[in-house]
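> here is a sequence with its predicted model. Questions after.
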Amino acid sequence: MKILEPKHFPFGSKIHGTKLSKNCPIEKAPAPARVYISVSQHIGAPAIPVVNVGDKVKKGTLIAEASGAISANVFSSVSGTVAEIRDIVNGLNQKQKYIIIDNDFKNEEEFLPPLGDFEPNTIIERIRLAGLVGLGGAGFPTAVKLTPKNPLDTLVINGAECEPYLTCDHRLMVERTDDIYKGIKYAARALNVKKIVVGIERNKPNAIEALSAFDDLEVVSLKRQYPMGSEKHLIYVTTGRKVPTGKMPFDVNCCVLNIKTVLAAYYAIEKDRPLTETVLTVSGRGIKEPKNLQVAIGTPFSELIAYCGGTSDDTVQIVAGGPMMGKALVNLDQYVRKTDSGILCLKAHETYAESPSNCINCGLCARKCPMRLMPMYIESFALSGDFKEAERYGAMNCIECGLCAYNCPAKRALVQSIVYAKTKIKEMKNGK
Ligand code: SF4
Ligand code: SF4
């Protein structure tokens, strides 16, 4: 058993929020009558539909094909008939193309072709074919991560799950330990690395114990401090390496993969299953029965909330994701994506729904920022439309962790302003 101490982590904060569902075993949610599957569930170009209305599909049928180097295949999560293909403005206010499939409840399944061997290139190609993306929320195509420009020496597995409320990774590490271990080993083989470290926050002692049973994994018991699960910070605390500003993990010879991603790799490689399901947490004080659920991609959020007993009358906000990095929904037209880890139903005291007041220049946002930025200035430049200056102040290095807004006594919507600035900076660079 190898449990290591982390490097000192001089950033971030302890944040409030209870893991209400940490002892709830994963349940399989009932299959919905209709799934709504977005073709834009990843970073990069949307996938292109390869089915038509009226087509019969099975669970695991390819319904939209990756459309470039940074893109990902999309599969049906039920067997049935393609009912519609149309744009929907979803609960996150994003207009996306959805393939809508009526479930025939026959549960017929289509598999990927069996693998001939387990050589690195075969593994990477399987992961690409199965539509795997970073399931911790980033959505970056995993096959691209597994083909870095330079040789790596370390695989870092992200089991931190540092957001309050979320417990799906924790339950998976406890309940599906062996499958996760096999997925980790396949990823290490694809990258040709020997050193594997697994970072887990120490509020999950049973997960630390489960994964430290494997002699070839170095498990690092992490302090409970947000945002411990951010890639750059996790690399630092587990390996001592600093990823410089503007650089990527591969620049310090590391690759970071999330728990659900390596588990999905195992299913794709050994079970020939493309990515059609995920595991997420439904929680918050507003939900009647918090749960960890295994769900079909494309399931309406409303059905999962109903399955968890519905919400209390004083629920004021529903969030896709964790309370720090998640996004509040503007309506309930939201459907499970590959990258979803949580649906939170929050009461007023759990949100930052208060009206903002003027900045009092207290500097707390800058002191708490794990990227050493000055969020109050970036916000000010964003609001005045000076995006060049916002960039000069490091807006593009913001990891959108939400700590600045969480700590701001004036309740400024700092992250929204910084995200807006980042969008505008990207548009400027693309000549728009
Ligand atoms: S500026 Fe960005 S990185 Fe810094 S605390 Fe705010 S959200 Fe996090
Ligand atoms: S924490 Fe809020 S009030 Fe304080 S400097 Fe930052 S933006 Fe201004």
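Thanks, I have the structure now. Ligands and ions are numbered 1, 2, ... in the order given.
> how about the contacts made by the residue of the stretch 201-350 of the chain at minimum distance from ligand 1?
Proximity of the stretch 201-350 of the chain to ligand 1 (CB to the nearest ligand atom) peaks at residue 227, 7.2 Å away. Backbone N, C-alpha and C define where each C-beta goes, glycine included. By CB atoms under 8 Å, 6 or more residues apart in numbering, residue 227 lies in contact with 12, 162, 233, 324, 370, 399, 401, 403.
> of those residues, buried ones?
With burial judged by 16 or more other CB atoms under 10 Å, the buried subset of the contacts of residue 227 is 12, 162, 233, 324, 370, 399, 401, 403.
> give me the lowest-pLDDT entry from the residues you listed.
Ranked by pLDDT, these bottom out at residue 12 (70).
> which residues touch whatever residue of the stretch 1-150 of the chain ends up closest to ligand 1?
Nearest residue of the stretch 1-150 of the chain to ligand 1 (CB to the nearest ligand atom) works out as residue 12 at 8.8 Å. For residue 12, the contacting residues are 225-228, 233, 368, 370, 401, 403, by CB under 8 Å, 6+ apart.
> and which of these is nearest residue 120?
The closest of the contacts of residue 12 to residue 120 turns out to be residue 233 (CB to CB; 28.3 Å).
> is it correct that that closest one is in contact with residue 370?
Yes - Residue 233 is within contact range of residue 370, at 6.1 Å (criterion: CB atoms under 8 Å).
> any weak-confidence spans in the stretch 301-432 of the chain?
Along the stretch 301-432 of the chain, segments meeting pLDDT under 70 span 352-354, 432.
> repeat that with 90
348-356, 426-432 (pLDDT under 90).
> what residues does it put near ligand 2?
Within the stretch 301-432 of the chain, the positions near ligand 2 by CB under 6 Å from any ligand atom are 359-365, 376, 408-410, 412, 414.
> report the buried members of those.
Judged by 16+ other CB under 10 Å, buried ones among those: 359, 364-365, 376, 408, 410, 412, 414.
> show me where the stretch 201-350 of the chain has its strands.
218-222, 254-258, 277-283, 291-296, 315-320, 327-328, 342-347 (DSSP state E, counting those that start in this stretch).
> so of the ones you listed, which one's packed in deepest?
strand 277-283 (a mean of 27; mean count of other CB atoms under 10 Å).
> and that one, how far from the chain's centre?
Put simply, strand 277-283 sits 11 Å off its chain's centre (CA atoms, centre = their mean, to the nearest Å).
> which helices and strands does that strand pack with?
Contacting strand 277-283 under the criterion 3 or more CB pairs under 8 Å, 6 or more residues apart in numbering; DSSP states H and E are the following elements: helix 168-175, strand 291-296, helix 301-307, strand 342-347.
> so what touches that strand?
20-21, 26, 77, 135, 165-168, 171-172, 260, 290-297, 304-305, 307-308, 336, 338, 340-345.
> what's the distance between the residue nearest the centre of the chain and ligand 2?
In the chain, the centroid-proximal residue (CA atoms, centre = their mean) is residue 137; its distance is 1.5 Å. Using CB to the nearest ligand atom, to the nearest Å, residue 137 is found at 25 Å from ligand 2.
> if I read this right, that residue contacts residue 320, doesn't it?
No - contact criterion CB under 8 Å: residue 137 and residue 320 do not qualify, at 9.9 Å.
> give the contact list for residue 99.
Under the criterion of CB under 8 Å, 6+ apart, the contact list for residue 99 reads 36-37, 39, 49, 51, 63-64, 74, 76, 82, 84-85.
> of those, grab the buried ones for ChimeraX.
A single ChimeraX command selects the buried members of the contacts of residue 99 (16+ other CB under 10 Å):
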select :36,37,39,49,51,63,64,74,76,82,85
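> what does the chain have sitting close to ligand 1?
So far as CB under 6 Å from any ligand atom goes, the chain lies against ligand 1 at 369-371, 373, 375, 398-404, 414-415, 418.
> and the residues you listed, which of them are in helices?
Among the residues of the chain next to ligand 1, the members found in helices (DSSP state H) are 375, 403-404, 414-415, 418.
> farthest-apart pair in those, please.
403 and 418 (11.8 Å).
> one step back: in JSON lines: the buried ones among the residues of the stretch 301-432 of the chain next to ligand 2, plus secondary structure.
Shown next, in JSON lines, are those (DSSP: H, G, I helix; E, B strand; the rest coil):
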{"residue": "359", "secondary structure": "coil"}
{"residue": "364", "secondary structure": "helix"}
{"residue": "365", "secondary structure": "helix"}
{"residue": "376", "secondary structure": "helix"}
{"residue": "408", "secondary structure": "coil"}
{"residue": "410", "secondary structure": "coil"}
{"residue": "412", "secondary structure": "coil"}
{"residue": "414", "secondary structure": "helix"}
